[in-house]
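1. Got a predicted structure here, sequence first:
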Amino acid sequence: MLEGALKVLKKFEEENYQAYIVGGFVRDYLLDIPAYDIDITTNCLPNEVERIFPNSFVQSEKYRTVTVSMDGYRYEVTTYRTDSKYKDHRHPDTKVTKTLKHDVKRRDFTINALCLDSDLNVIDYVEGLLDLKNKVIRTVGSPMRRINEDALRIFRAFRFASRLDFEIDVQTLNAIKLNVSLLKHISKERVRTELSKTFEEPYFEKVLPLMLEYDLFKEYPDLNEAAKVLNRSYHKVDIIEFATIASYLKGSVTEEVLLSKKEIKTINQTIDYIKAFENRYLSKKLLLDVDKKSIISALKIMSIFHNVIYTKEDIDGLLKDMPISSAKELDLDGNDVKKSLKLEDSPLIKKYLDAALDAVLGGLCQNKKAKLTKYLKGISIDE
Ligand code: ATP
Ligand code: MG
């Protein structure tokens with residue numbers, strides 16, 4: 001990936017443009033940790049970039065980012081720019097600028113503002129190398145101004161702390177403290193992206209108490225409660241499990257994180273399992289069409305709240321004992337019930353089907369059509 005990027009830089013130079021690798025890749029490269037993408041910054045304008053690299057396409061008009069392919073890898077190439085006049089503490093006006101130095105100065109933290117040239121020389125306008133060496137996360141320029149203009153940087157500072165086990169510089173922390181309320185301006189989508197990355201990082205456990213101390217969830221009361229619980233008994237959770245804890249405590253699905261319909265379903269299912277565990281009664285019905293991920297999450301969350309009641313082995317044992325694993329496997333359908341019990345279309349059919357399902361799960365009747373119809377004929381159900 002790096003070789004391809006150096007070829008891209010050289011190609012720009014052949015065309016008399018400047019181009020550098022910048023941002024996260026340089027940081028991770030110098031720290032000798034794996035990086036997954038390379039950003040390139042250049043004084044070349046997007047339409048020129050497209051001309052020089054015929055296989056490229058404009059990724060973002062507004063931010064002047066072009067995706068360029070080389071040797072099977074993709075690189076995000078952005079024209080030097082400055083960001084100014086932040087609206088809502090988040091959305092900047094962006095302007096093209098002529099120098100690398102200006103581009104570097106708009107970046108969030110010094111460790112994210114280092115560049116590499118095509119000979120792998122480091123270019124450092126912001127003492128990023130020093131901070132990298134001292135393991136410090138510090139804003140580029142005045143912390144008060146930089147945090148205030150874009151509150152997302154608050155979450156980002158903690159994300160890099162969780163990732164790298166770096167300290168956040170004292171003045172940057174101070175600016176964070178004074179600006180946490182601005183986090184209410186961040187879109188739910190961005191909150192989710194930054195937080196979910198933060199949760200997955202290796203040093204999150206160490207950083208969570210600091211996040212609470214600095215009241216990072218001040219504007220997110222549901223998440224705040226979940227963070228406090230998580231902090232008491234630390235387990236690694238993903239953003240969905242975190243949202244599940246928040247939702248469980250709240251009594252309904254939290255709206256503080258952006259969630260898809262499918263994720264909301266998973267969360268509700270996990271909460272059903274948690275409640276069943278708490279009542280020490282996991283009915284077989286709840287285990288129909290079981291979603292393994294939800295049940296494992298429920299176990300994990302149970303051990304965060306209390307002591308574990310069911311272990312994974314218990315669950316596997318219960319699942320092995322199930323006569324059927326899905327309601328769809330019931331050897332009886334609405335038509336069978338209608339015919340054998342001579343019923344018209346009525347809600348009774350559904351009740352009989354439920355009774356048949358209960359009988360199979362409860363071991364009262366085998367899952368065979370003939371046996372089930374016989375069983376149903378022998379019981380009475382009120383309309
Ligand atoms: P990762 O490896 O997790 O992707 P990254 O440093 O590459 O980390 P990105 O979110 O991909 O982070 O951003 C790329 C670069 O853009 C950053 O290194 C930083 O220089 C700059 N940047 C990103 N977000 C901001 C921001 N909110 N304010 C200022 N600069 C930013
Ligand atoms: Mg990146």
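-> Done, it's in. Ligands and ions are numbered 1, 2, ... in the order given.
2. Contact partners for Ile239?
-> Arg192, Leu195, Ser196, Phe199, Val257 (CB atoms under 8 Å, 6 or more residues apart in numbering). Every C-beta, even on glycine, is put in place using the N, C-alpha and C of the backbone.
3. from the residues you listed, which is closest to ligand 1?
-> When the contacts of Ile239 are ranked by distance to ligand 1 (CB to the nearest ligand atom), Ser196 comes first, at 11.6 Å.
4. That closest one: which element?
-> In the assignment (DSSP states H and E), Ser196 maps to helix 188-200.
5. Would you mind listing the buried residues in that helix?
-> By neighbour count on 16 or more other CB atoms under 10 Å, the buried set for helix 188-200 is Arg190, Val191, Arg192, Thr193, Glu194, Leu195, Ser196, Lys197, Thr198, Phe199.
6. And the last one, how far from Glu241?
-> In this structure, Phe199 and Glu241 are 9 Å apart, going by CB to CB, to the nearest Å.
7. What pLDDT does the model give the residue of the chain found nearest ligand 1?
-> Using CB to the nearest ligand atom, the closest approach of the chain to ligand 1 is made by Gly24 at 2.3 Å. Looking at Gly24, its pLDDT is 95.
8. In contact with it, which residues?
-> Residues near Gly24 by CB under 8 Å, 6+ apart: Ala35, Asp37, Asp39, Asn112.
9. circling back: closest to Glu329 out of the buried residues of helix 188-200?
-> Ser196 (35.9 Å; CB to CB).
10. Tell me the predicted confidence for the nearest residue to that closest one once chain neighbours are set aside.
-> Closest residue to Ser196 apart from its sequence neighbours, by CB to CB, 6 or more residues apart in numbering: Ile239 at 3.7 Å. At Ile239, the model reports a pLDDT of 94.
11. Now do the same for the residue nearest to Leu173 when sequence neighbours are not counted: its pLDDT.
-> Residue nearest to Leu173 in three dimensions, not counting chain neighbours: Tyr214, with 6.9 Å by CB to CB, 6+ apart. For Tyr214, the pLDDT comes out at 96.
12. Tyr214 touches Leu178, doesn't it?
-> No. Using CB atoms under 8 Å, Tyr214 is not in contact with Leu178; the gap is 10.3 Å.
13. With neighbour numbers in mind, choose between these two.
-> Tyr214 (18 against 13; other CB atoms under 10 Å).
14. Relative to Phe158, how far out is the more buried one?
-> 8 Å.
15. Over to Val207?
-> Val207 sits 6 Å away from Phe158, taking CB to CB as the criterion.
16. Then Ser252?
-> Taking CB to CB, one finds Ser252 at 27 Å from Phe158.
17. Looking at those two, which is more packed in?
-> Neighbour comparison, Ser252 and Phe158: the larger count goes to Phe158, with 24 against 10 (by other CB under 10 Å).
18. What about Leu230, how many residues nearby?
-> Quick note: Leu230 (other CB under 10 Å) scores 24 neighbours.
19. sorry, back to before: for the residue of the chain closest to ligand 1, phi and psi?
-> With angles defined as degrees, to the nearest 10, Gly24 sits at phi -50, psi -40.
20. low pLDDT regions in the chain?
-> 86, 90, 280-282, 307-310, 383 (pLDDT under 70).
21. so what's Ile301 up against?
-> Counted by CB under 8 Å, 6+ apart, Ile301 has contacts Val237, Glu241, Thr244, Ile245, Tyr248, Thr270, Ile274.
22. Next to ligand 1, which bits of the stretch 1-150 of the chain? Give me the list.
-> Proximity of the stretch 1-150 of the chain to ligand 1 (CB under 6 Å from any ligand atom) is limited to residues Gly23, Gly24, Asp39, Arg107, Asp108, Asn112, Ala113, Asp150.
23. got a winner among those for most neighbours?
-> Ala113 (26 neighbours).
24. In this structure that one contacts Lys101, no?
-> No. Applying CB under 8 Å as the test, Ala113 and Lys101 come out as separate, 10.1 Å apart.
25. Quickly list what's touching both of the two.
-> Joint contacts of Ala113 and Lys101 (CB under 8 Å, 6+ apart) are Tyr125.
26. just checking, what packs against the lengthiest helix in the chain?
-> With secondary structure taken from DSSP state H, the chain has its longest helix at helix 261-278. Using 3 or more CB pairs under 8 Å, 6 or more residues apart in numbering; DSSP states H and E, the elements in contact with helix 261-278 are helix 239-250, helix 292-305.
27. do you know which of these lies nearest Tyr375?
-> Of all the helices and strands packed on helix 261-278, it is helix 292-305 that lies closest to Tyr375, at 29.7 Å by CB to CB.
28. For the closest one, what is the distance to the chain centroid?
-> In terms of CA atoms, centre = their mean, to the nearest Å, the centre of helix 292-305 is set 18 Å apart from its chain centre.
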